[in-house]
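[1] 3D, please:
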Amino acid sequence: MLDLEETMEVKSSANRPKSLSPSITIILIGLFSLSLILILFHGFSSLSTSSASWDLHFWKSELGASNNDACDDLNSRLRDSVTFLPLKDLRFTKTAMEGNTWFMSSFSDTYEENESQYLYFPSQASKGRLLCLKGHDHKDGTENSYALAWPQSLPNSTTFLKGLTFVSDTYYDYVNLWHGLTAMVPFVGWSTKNRCVKPTRWMLFHWGELRDKMGLWLQNLMEAYFGKVMIEQMGQGEGPYCFEKAVVTRHNVGKMGKEKKLQVSDLLRCKARVFCGINPAGRGKEIGVRGEPIIRLTLLMRKTSRSFKDPTAVISIFARECAMVNGCLLEVVQSEDLSFCDQVKVMTNTDILASPHGAQLTNMLFMDRNSSIMEFFPKGWLELAGAGQYAHHWMADQSGMKHLGAWWDLNAEEECPDRKEQRECFNFYKDGQVGHNETYFAGWARTVLNQVRISKQEAMQSSQRFSNACQC
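    Now for the predicted structure:
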């Protein structure tokens with residue numbers, strides 16, 4: 001019995017299933033969990049691919065819209081921040097032509113050796129900003145204004161002018177030959193230094209006041225060099241005018257060196273002759289029937305202010321002295337009767353120019369280099385005119401001529417009522433007539449004719465020539 005029970009217990013124990021060890025259980029649970037995670041991750045990844053792509057496009061769109069709004073907002077703020085200042089700054093009234101001048105007084109000039117001062121927009125100095133002008137007042141420069149603006153943020157109602165604009169401000173005017181020429185010379189000089197570039201338009205100011213024209217003589221001269229002159233009158237609207245490119249001058253000739261002045265004068269002389277169809281070939285070495293050099297003496301007369309009191313007597317003196325020099329030819333012309341091209345032609349054929357002080361003497365520009373000038377003044381200029389009476393000395397120097405002296409009349413038909421008031425006295429004498437001194441005029445004419453004769457003889461024996469080739 002005992003054996004049977006033991007045997008049954010053994011069999012029962014053998015048939016009972018064996019339990020797993022703890023380590024195996026943990027491994028199996030881990031593998032199961034890992035499999036489940038992989039299955040779930042694969043399903044989630046395939047499901048979310050298109051969703052992730054949509055989210056990316058969504059955020060890009062949102063970001064782009066935000067950037068556009070930001071740019072628009074920034075441009076609007078820059079546009080609103082453009083500040084216009086008066087073209088004429090009254091703080092500099094006493095030093096209107098000095099330093100930065102009272103025209104666009106906040107800007108400092110660019111100066112290059114031997115050149116006139118200028119401003120250029122856009123430039124590094126303007127940080128890429130464009131010049132804008134507003135207002136077209138002809139009587140008060142403080143009513144016109146200027147500003148700088150970014151190209152992408154121009155003020156509202158802006159008229160945008162493409163191309164290059166020449167902007168000039170002068171203390172004097174654009175009608176008088178001398179004053180107008182000194183205002184334009186810097187632009188010619190700047191052009192020659194910059195591949196002979198030509199402007200699309202001009203803007204002219206006097207004390208910050210807009211001017212809508214230049215004198216006909218000056219316009220013809222500028223057209224001889226630049227071609228058609230178009231003067232902007234700002235008549236397209238009341239808003240600002242902004243320029244794609246602009247060159248500004250405000251010192252007239254300013255610091256331009258003598259070498260550059262001569263270069264510009266030679267160029268304008270050549271261009272004016274071409275413009276008027278004048279060929280100067282052979283000039284300077286002409287000879288008469290006896291082999292003597294031809295000397296052309298021109299009396300350039302005036303009809304009204306600063307005219308000769310007795311023009312017949314003056315003509316007689318010069319005619320007599322000219323007749324005593326073999327090869328001398330005298331021509332007497334009225335400056336008021338000559339067109340621009342008539343003036344160019346007369347001066348091209350002049351070796352000695354004798355004339356009362358006045359703008360007509362600016363025509364010496366069209367004479368050959370080393371030609372001679374004789375100048376006459378009425379009473380009052382020597383004592384009261386100051387440096388202004390030497391304007392044509394300067395003109396002769398910068399155009400390559402020889403200013404061989406001046407004669408000042410010491411007599412007047414009437415005397416200034418109050419000699420203590422120098423300004424009033426100068427205005428009293430300024431446009432008076434010029435007398436003459438026969439002995440002095442004859443001796444002076446004789447001396448000048450002899451100097452020119454010797455100079456011409458030397459030139460005939462030399463090979464030195466001044467080029468007539470028109471640069472640009």
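[2] From here on, just use CA atoms for contacts and neighbour counts.
    Will do.
[3] the helices in this structure, which residues?
    Listed in chain order, the helices of the chain (DSSP state H) span residues 2-15, 22-81, 177-193, 216-226, 258-275, 311-323, 340-348, 381-384, 391-399, 422-429, 438-461.
[4] can you tell me which of those the model trusts least?
    Lowest mean pLDDT within the helices of the chain: helix 2-15, a mean of 37.
[5] can you point me to the longest strand in this structure?
    Counting by DSSP state E, the longest strand found in the chain is strand 159-170.
[6] other SSEs contacting that strand?
    helix 177-193, strand 201-206, strand 241-249 (3 or more C-alpha pairs under 8 Å, 6 or more residues apart in numbering; DSSP states H and E).
[7] Name every strand pairing with it and say which way it goes.
    Sheet pairing of strand 159-170 (DSSP bridges) gives strand 201-206 (parallel), strand 241-249 (parallel).
[8] any chance of these in JSON lines, with mean pLDDT too?
    Output for the strands paired with strand 159-170, formatted as JSON lines (pLDDT from 0 to 100):
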{"stretch": "strand 201-206", "mean pLDDT": "98"}
{"stretch": "strand 241-249", "mean pLDDT": "98"}
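[9] Could you provide those strands in TSV, with additional columns for mean neighbour count and distance to residue 137?
    Listed next are those as TSV, based on neighbours: other C-alpha atoms under 10 Å; distance: least, C-alpha to C-alpha, whole Å:
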stretch	mean neighbour count	distance to residue 137
strand 201-206	21	10
strand 241-249	21	14
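[10] Out of the helices and strands packed on strand 159-170, flag the one nearest residue 327.
    helix 177-193 (31.8 Å; C-alpha to C-alpha).
[11] So what's the gap between the closest one and the chain middle?
    8 Å (C-alpha atoms, centre = their mean, to the nearest Å).
[12] ok, now stretch 408-422?
    41 Å.
[13] buried residues in that stretch?
    408, 409, 416 (16 or more other C-alpha atoms under 10 Å).
[14] neighbouring contacts of that stretch?
    Stretch 408-422 has contacts (C-alpha atoms under 8 Å, 6 or more residues apart in numbering) with 376-382, 384, 425, 428-429, 432, 434-436.
[15] Name the residues linked to the closest residue to residue 159 other than its chain neighbours by a beta bridge.
    Computed as C-alpha to C-alpha, 6 or more residues apart in numbering, the closest residue to residue 159 that is not its neighbour in sequence is residue 241, at 4.8 Å. Assessed by DSSP bridges, residue 241 has beta-bridge partners residue 133, residue 159.
[16] same deal with the one 5 residues further on?
    Counting by DSSP bridges, residue 246 is bridged to residue 121, residue 165.
[17] which ones among the buried residues of stretch 408-422 are found in strands?
    Using DSSP E, the buried residues of stretch 408-422 in strands are residue 408.
[18] Now distance to residue 396 too, for the buried residues of stretch 408-422, in TSV please.
    Formatted as TSV, those follow (distance: C-alpha to C-alpha, whole Å):
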residue	distance to residue 396
408	18
409	22
416	31
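[19] Closest one of the buried residues of stretch 408-422 to residue 77?
    Ranked by distance to residue 77 (C-alpha to C-alpha), the buried residues of stretch 408-422 are led by residue 416 at 62.4 Å.
[20] any idea how far residue 298 lies from residue 378?
    Distance, residue 298 to residue 378, using C-alpha to C-alpha, to the nearest Å: 20 Å.
[21] The two: which has the busier surroundings?
    Between residue 298 and residue 378, counted using other C-alpha atoms under 10 Å, residue 378 has the larger neighbour count: 27 against 22.
[22] just checking, that one touches residue 305?
    No. Counting by C-alpha atoms under 8 Å, residue 378 sits too far from residue 305 to count as a contact (9.6 Å).
[23] right, and the strands paired with strand 159-170 - which one's nearest residue 441?
    Checked against C-alpha to C-alpha, the stretch from these lying closest is strand 201-206, at 39.7 Å.
[24] which residues are contacting that closest one?
    Contacts for strand 201-206 (C-alpha under 8 Å, 6+ apart): 164-173, 210-213, 229-233.
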